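Student: Sequence and predicted model, in that order:
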Amino acid sequence: MGQSSSSSSQPKNESQESQKSTQAALDYWAKKQEQAYQQIGSEKNDEQLINVQETSSLLQHEQQQQQQQQQINQVDQIKEQQMIDQSSSQQIIKQEIIQQQIQDEYIDQNIENQINEPCNEFIQLSQEEIEHIWLSKIFKIDAKNQVINNQKVDFISQDQCISIQYIIDELCYTFLTCSQFRESEKFEFLIEVLINLGEVQIQEQFIKLDEGIIEKRKYDEILHYLQGQLITCILYPEGLEWDKFDEDPNRVDDYRNQRATVFYNRIFSSNLQLDYSGVIQNLLDYINTKVSSDDIQKFLDLMFKREFKDLSNWSLDLLEQSSQTLKLLLLIANYPNIMEIILMNSWAFGKFKLMQSGQQFQNNCIIGKMLSGSLFYTDSLIAKNKFLGDYNSMKIMRDQYRRKIFSLNDEICKLFTKILSHKSNVLKMMFYNFISNIIALNLNLEKILNQGLMQQCCTPGMVFNLHYVLLKMFNPWIDDQGKIDLRIKNIQLQMFLILKDHPLFSTIYQNIDLLAPDLTPAQELLELETKVDPMTTMFLLTQRINHIISTIIDQFYYNRILTKMSDIAQQYGQKSTQFQEILQLKLSFDTQILDPKTITYTMQFLSFSSQLAMSMIDENNKPKYPYGLLPSSFVNDIHSFFNTYKYNDEILKQPYEFEKCCEFAIFAMDTRNITNPHLRIKGIEVFHIIDQGKMNKRGIVQTQSFDFIFRNNEIIEKHMISGLLKVFIDCERTGEGNQFYEKFNFRYRFCKLIRFLLEKHKDRYNLLLSQTVEKEKEMFLAFANYYLNDMIFLLDECLTKIKKMKSLESQQRDMEQQQDYFKLQQELKTLSIFLQEYYNNIQVFSEVQPEAFLTDEIRDKLANNLNYTLEQLNGKQAAQYKIQSLGSVNFDPKLIMGNVIELYLNFSSNDQFLMQVVKDDRCFSIELFQVTINLLDKHQIIPYQRIQLFRELIFKLQEYEEKIINQLPDDVPDEFLDPLCYSLMTDPVKLPHSNVIVDRLTIKKQLLNQQIDPFDRTPLTIEMVIEQPELKQRIAKFIENSEKKKTKQQIKIVQEEN
């Protein structure tokens, strides 16, 4: 009974308390309404208050009170019903919380209705109230019930007004150091609060909330405080008496800081940018201005490590992660202060103090990983396996991967451009150093003979991607000729003087050769300009990496792939496994180096470099300061890229850039402009791209745009002929002369180009050839001597290989001998192509300027050359040069014979030449010429009219043969005879070192091949010989007496006959 009475009185007391509580809430709300009316009456700002009519406000007020009373009655009913079933005090507390939440919801809804219905009266909350309501939501605080983050605590009083200042001064630190929550819970709660703070609308100086507005200043205050606490939790947890994780900042694979991992996985990961962009941006805003450099370094390194880990499985087939990472870096790049701290020392851009090789950069930082998108076979053994199926399928794959690679490269370019766009000169210099450091780590890629050093560098594909990015960044300065003219005027020329001493460039340019230092006298700067010009700096950085790439292309693409493709196709066939493998290797490089945008940027850069060099030439076509101090790569790189681009038709779309490169290449061939013969030889490679034969095979008609290069360009016309002749000679006097195929590949190109000029542009270049021969006789004499030597050498090589092949044909060949036969076949085919082009070219020379090969010094060599060739083809031993596969190796004896006959005819107007033909005791015979004419009649090798002219030439030779019989007297004193050729001297000279007396013409012929004394091998030039006037006079007297004696004998013979 007592228990029943007690139990029945308890709900009654609780009901009374509830009514008191309800009444208190009504009184409180009425008081707030009254304050709101007073504020409305006194407020005069129409933009912040709503003007409500008094009568409608009273009506609305009564309706609202009724609604409020109904809501409270419902709550009371619910509570009474629940109180019957609940006896514990804990359940009572929960019901009170529910009641408070319902009341709060009602208040929130009431305020929202007043805001959305301007015609209705609403209650304006004070800033303190707005803060209280808003912060209670953000921090999940129920002050009355002393609850935070869904747990009851004792450090929040029931009547506590939740304000920004309270949180900063007391609550946050108390919460983070209390023992009621685990450290992980507190850290997660802090992250949640920051997320909530990031989901606000910022309107100029105010933050718009559901409850009203607060000043942005206050919002920033609480935001920055909490962000600071976040940094503290991650970096310095001991300040909060939390556990500390000792993660090694210098190890990319150390992830022991669990809080850093939690925050990264929850917020900072690039994959979460769309979800938490506001939080990340707020945090970056904060650390950019409020955090110390050391802490920025530490915090972002923790984040970048984990981002780098997410990239561990990155590949060209999975680009989503890399794309997100670059977006994150691009966002960070908006903050110059942050970039100054991390650019040279972070896991994002590289910890250069820890990195001693290119491989470490590539494998241990985000940018290194991002730049690694490549299919170069040098980068990965499986790269070539991307290209399977037929050639069309391979091209489809090439194009697909090309889009992926360059899409990524373009994003990296945006990132770098963003960094460089800031006004901070400090950041600019750091970026230049960043690029310079990467280049320095990869200089060993130029040491092609040291594989160990090359393997320490970044992969060639990665370096190529960086090269592309720098080209694209530099391109806006030079993508228009008007810009180029202006940029050349503004470039810092003095940088070339101090290049090897400048702190930014000294490492990467220290071992680079200069263009022509001996042509540029040293000058001292009166005052060293310390300001770094962005365009000049970017040009020099791009120029340096451009040279590394040209070396890579030469080594791994041209030498290992392009030069072997045709041989493999011929040996095994284009359907063979061997050819498919090398085609895969080619496509792995083509994907990047033959990308149309890459070719465009490269051509524009090479054109700018060429124009910069040509701007240092005065009006008299002489180099001026600082021309000679330019890097030699200006020439080398043009050669390398053009040698590659000749296989790609994109080059045809760059006629203007091509012309500018040609101008400099031709100018560089002249010894007066570049003294290094190795560089001068490179110039002709530029023009090998104009090969109509190759174009015709590919179905390409040479565009008219290339024609103006040779017709309307004063620089090219002026230097072309003499430049080509000089480099032909240089090829013999440098190391290239000892490397058979390099030498003849070059000279083959020479023949193709000179013949192209003399045939296709004869109206201009035939006259230029004649003027050059007349003006520079000694140079042309040296050229003609080497040219004729090559003709004999090539013919002998061809005939030797034919005899070897004939010997193998007569045997039962095993596998090894079959390989030898095929090798001989390929070598013979190449030699035959060289030999035929030599004959084609000299035939054009003989038509345009026959006198050039008929000087005293060279005439006998020409005659002997032709006689020897005719004797080999049509003499007694000709039968041994007939083999089964003669037609497949391009060696056509009839065609060569036709060339030789044409040369005889073209030179036949010169009597001294015909006399020299007949004087050749070794090879000349009238019988040989008779056999030749019979073959011409039989096979119609040349036109009938030319055969008739050759028949007449034979009669003429017979006449000359009769004239030279007994020409040399029998009683010639030994001192009058030349010791080298045993002929009668006419102009004796003494050699200064050996003291031997020879004929001047004889020693001149000897010096054409080697400028040494043939008797003691000491250096010798024609200027060093000593004339012998007394001996010369005696010889002349002897010749005169011999002629008189001979005349008397002839008269006597005639008289006796009569």
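Tutor: Happy to help now that I have it.
Student: which residues sit in contact with the most centrally placed residue in the chain?
Tutor: Per CA atoms, centre = their mean, the C-alpha nearest to the average position across the chain is that of residue 467, at 3.0 Å. Neighbour list for residue 467: 542, 545-546, 548-549 [criterion: CB atoms under 8 Å, 6 or more residues apart in numbering]. For the C-beta atoms, the positions are set from N, CA and C on the backbone; glycine is no exception.
Student: cool, and residue 266?
Tutor: 188, 191, 272.
Student: and what of residue 514?
Tutor: Neighbours of residue 514 in contact, by CB under 8 Å, 6+ apart: 628-632.
Student: now swap in residue 218 and tell me
Tutor: 131, 164.
Student: could you dump the helix or strand where it lies to CSV, C-alpha only?
Tutor: Following DSSP states H and E, one finds residue 218 within helix 216-235. C-alpha atoms of helix 216-235 as CSV (Å, rounded to 0.1, in the frame of the first residue of the first chain):
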residue,chain,number,x,y,z
LYS,A,216,33.9,36.1,-40.4
ARG,A,217,36.5,37.4,-38.0
LYS,A,218,35.0,35.3,-35.2
TYR,A,219,34.6,32.3,-37.5
ASP,A,220,38.3,32.5,-38.5
GLU,A,221,39.2,32.8,-34.8
ILE,A,222,37.6,29.5,-33.8
LEU,A,223,38.6,27.8,-37.1
HIS,A,224,42.3,28.8,-36.8
TYR,A,225,42.4,27.8,-33.1
LEU,A,226,41.0,24.3,-33.9
GLN,A,227,43.4,23.9,-36.9
GLY,A,228,46.2,24.8,-34.6
GLN,A,229,45.0,22.1,-32.2
LEU,A,230,44.9,19.6,-35.1
ILE,A,231,48.5,20.4,-36.0
THR,A,232,49.5,20.0,-32.3
CYS,A,233,47.7,16.6,-32.1
ILE,A,234,49.7,15.4,-35.1
LEU,A,235,53.1,16.9,-34.6
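Student: For residue 684, see how far away residue 558 is.
Tutor: Counting by CB to CB, to the nearest Å, the gap from residue 558 to residue 684 is 16 Å.
Student: Flag the shaky bits of the chain, pLDDT-wise.
Tutor: Applying pLDDT under 70 to the chain flags the ranges 1-123, 521-530, 647-650, 671, 688-706, 733-738, 812-813, 965-970, 1058.
Student: where do the strands sit along it?
Tutor: Along the chain, counting by DSSP state E, strands occupy 141-142, 147-148, 151-152, 201-203, 206-208, 213-215, 345-346, 350-351, 988-990, 997-999, 1026-1027.
Student: How about residues contacting the second one?
Tutor: I take that to be strand 147-148. Residues contacting strand 147-148 (CB under 8 Å, 6+ apart): 97, 139-142, 153, 156, 175.
Student: List the neighbouring strands of it plus their orientation.
Tutor: strand 141-142 (antiparallel), strand 151-152 (antiparallel) (DSSP bridges).
Student: Let me know which of the ones you listed is tucked in deepest.
Tutor: strand 141-142 (a mean of 20; mean count of other CB atoms under 10 Å).
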